[in-house]
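[1] Could you work out the structure for the sequence below:
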Amino acid sequence: MEFGIENGYAEEEPAASIAAELFDRYGDGILRFAFSHMHNLYDAEDVLQETLIRYLENKPKFADMRQEKCWMFKVAANVAKDMLRRRKVRETEELHENIAADSNEELDYIWEAVAMLPMPCRETIHLYYQEGYSTEEIAMILDMKTSTVRSYLKRGRERLKKLLRKDYLG
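    A predicted model of the protein is given here:
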């Protein structure tokens with residue numbers, strides 16, 4: 001594959017400028033998504049970097065930016081899972097305040113609760129609410145059935161409700 005006009009990149013455009021544009025376009029979202037997997041900012045940055053490298057190596061072509069974004073998140077999910085498998089990092093940390101989507105304290109509190117959910121629920125909730133993907137798109141990104149995505153969303157919402165109610169009511 002090679003870069004084409006379908007991506008909006010000229011054939012001779014240097015890799016550094018393509019990477020910079022991809023970083024500007026998807027960097028924050030992929031970093032937050034990777035952090036939800038890795039629970040560690042340094043590892044999340046590694047996932048983001050590896051995702052950009054794989055884009056530059058594979059030079060994929062897409063019909064539109066939505067497909068490109070979907071591909072980026074799917075690769076990030078796979079890279080994160082591979083890193084977890086290799087490093088066996090299973091510890092849980094609170095969501096780092098510097099990469100939270102909104103500075104609103106209530107939203108930060110909710111995303112901290114999301115970080116405590118099991119991985120499949122955390123992934124689907126992040127992609128659905130934070131990145132705005134449909135259940136069908138999430139199924140494609142995470143390589144699972146749409147019904148499974150809906151189940152994880154439902155379970156995640158139920159667990160969040162219990163977590164937040166418990167913390168709120170004391």
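
[2] quick one: average confidence on stretch 33-46?
    For stretch 33-46, the mean per-residue pLDDT is 88.

[3] From start to finish, how long is it in a straight line?
    12 Å (Cα to Cα, to the nearest Å).

[4] ok, Arg85 - how many residues close by?
    9 (other Cβ atoms under 10 Å). The way it works is simple: take the backbone N, C-alpha and C, and place the C-beta from them, glycine included.

[5] buried residues in the helix or strand containing it?
    If you go by DSSP states H and E, Arg85 is part of helix 65-87. Buried residues in helix 65-87, counted by 16 or more other Cβ atoms under 10 Å: 67-80, 83-84.

[6] And for stretch 111-123?
    Neighbour-count burial for stretch 111-123, counted by 16+ other Cβ under 10 Å, picks out Trp111, Glu112, Ala113, Val114, Ala115, Leu117, Pro120, Cys121, Arg122, Glu123.

[7] tell me the least confident of the residues you listed?
    Trp111 (78).

[8] From Lys154, how far off is Ser147?
    10 Å (Cβ to Cβ, to the nearest Å).

[9] list the helices and strands the helix holding Arg85 packs on?
    Applying 3 or more Cβ pairs under 8 Å, 6 or more residues apart in numbering; DSSP states H and E, one finds that helix 65-87 makes contact with helix 15-38, helix 41-58, helix 135-142.

[10] In JSON lines, list those along with distance to Tyr128 and mean neighbour count.
    Shown next, in JSON lines, are the helices and strands packed on helix 65-87 (distance: least, Cβ to Cβ, whole Å; neighbours: other Cβ atoms under 10 Å):
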{"stretch": "helix 15-38", "distance to Tyr128": "12", "mean neighbour count": "19"}
{"stretch": "helix 41-58", "distance to Tyr128": "19", "mean neighbour count": "18"}
{"stretch": "helix 135-142", "distance to Tyr128": "6", "mean neighbour count": "20"}
